[in-house]
Each structure stands twice: as C-alpha cells, then as structure tokens.
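*Asks:* Mind looking at a prediction? Sequence and model below.
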Amino acid sequence: MATASIRLDEALVEKATIMGKALNRTTPKQIEHWAKIGEMMEDNPELPYEFVKQAIIAKAEKEAGKLEEWLNSYL
C-alpha cells in the first residue's frame, strides 16, 4: 500500500488518537476508517449511517470467511 505524508488539524489527530485507542485502532487506521465512512456516505447520501456501518462489518466478516448463507441459518 502506498503511503503519503499529509498535514492534518491537530484537534482531528487528537480525537482520532482517543477514538483509535478506544476501538483498538492506530491513529492512522482510525482516520482511514472515518475517511472510508465519509466516502461511502457521500456516494450514498440516501443510506443511514447504521446501514453503512453494518455494510463495513459484513465486508470484514466476508473477508474473514465468517459469513453463513442467510437461508441456511433459518432452516
């Protein structure tokens, strides 16, 4: 993955550091997470935040091989 140095507002970095610690993410990963959510919300303004959050979780579960077929879970 390519990296780049950028200047960010100190308050944003401080908040990302606090939230990252609370959620077991590094500061850069927390900022990436926020950026991903922001991009998804801008691309899909009709979707509520909770739906976007669940879509991110579902994608991570799929990548980890932890999804079950929906129908099979009810049979």
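*Replies:* Here it is on my side, so go on. Numbers count the residues shown, from 1 in each chain.

*Asks:* contacting residues for the residue nearest to Lys36 when sequence neighbours are not counted?
*Replies:* Computed as C-beta to C-beta, 6 or more residues apart in numbering, the closest residue to Lys36 that is not its neighbour in sequence is Ile56, at 7.0 Å. For every residue, glycine as well, the C-beta is placed using N, CA and C. Applying C-beta atoms under 8 Å, 6 or more residues apart in numbering to Ile56 gives the contacts 36-37, 40.

*Asks:* just those now: which is nearest Pro28?
*Replies:* Nearest to Pro28 among the contacts of Ile56: Lys36, at 12.5 Å, using C-beta to C-beta.

*Asks:* show me what contacts the residue nearest in space to the middle of the chain?
*Replies:* By C-alpha atoms, centre = their mean, the chain has its centre lying nearest to His33, at 3.9 Å. By C-beta under 8 Å, 6+ apart, the residues touching His33 are Arg25.

*Asks:* helix, strand or coil for it?
*Replies:* helix (DSSP: H, G, I helix; E, B strand; the rest coil).

*Asks:* repeat for Glu61
*Replies:* Glu61 is classified as helix under three-state DSSP.

*Asks:* burial of the nearest residue to it once chain neighbours are set aside, as a residue count?
*Replies:* Nearest in space to Glu61, with sequence neighbours left out and distances taken as C-beta to C-beta, 6+ apart, is Leu67 at 5.3 Å. By the criterion of other C-beta atoms under 10 Å, Leu67 has 11 neighbours.

*Asks:* right, and the secondary structure at Leu67 would be what?
*Replies:* With three-state DSSP as the basis, Leu67 sits in coil.

*Asks:* That one and Ala58, how far apart?
*Replies:* Separation of Leu67 from Ala58 (C-beta to C-beta, to the nearest Å) stands at 7 Å.
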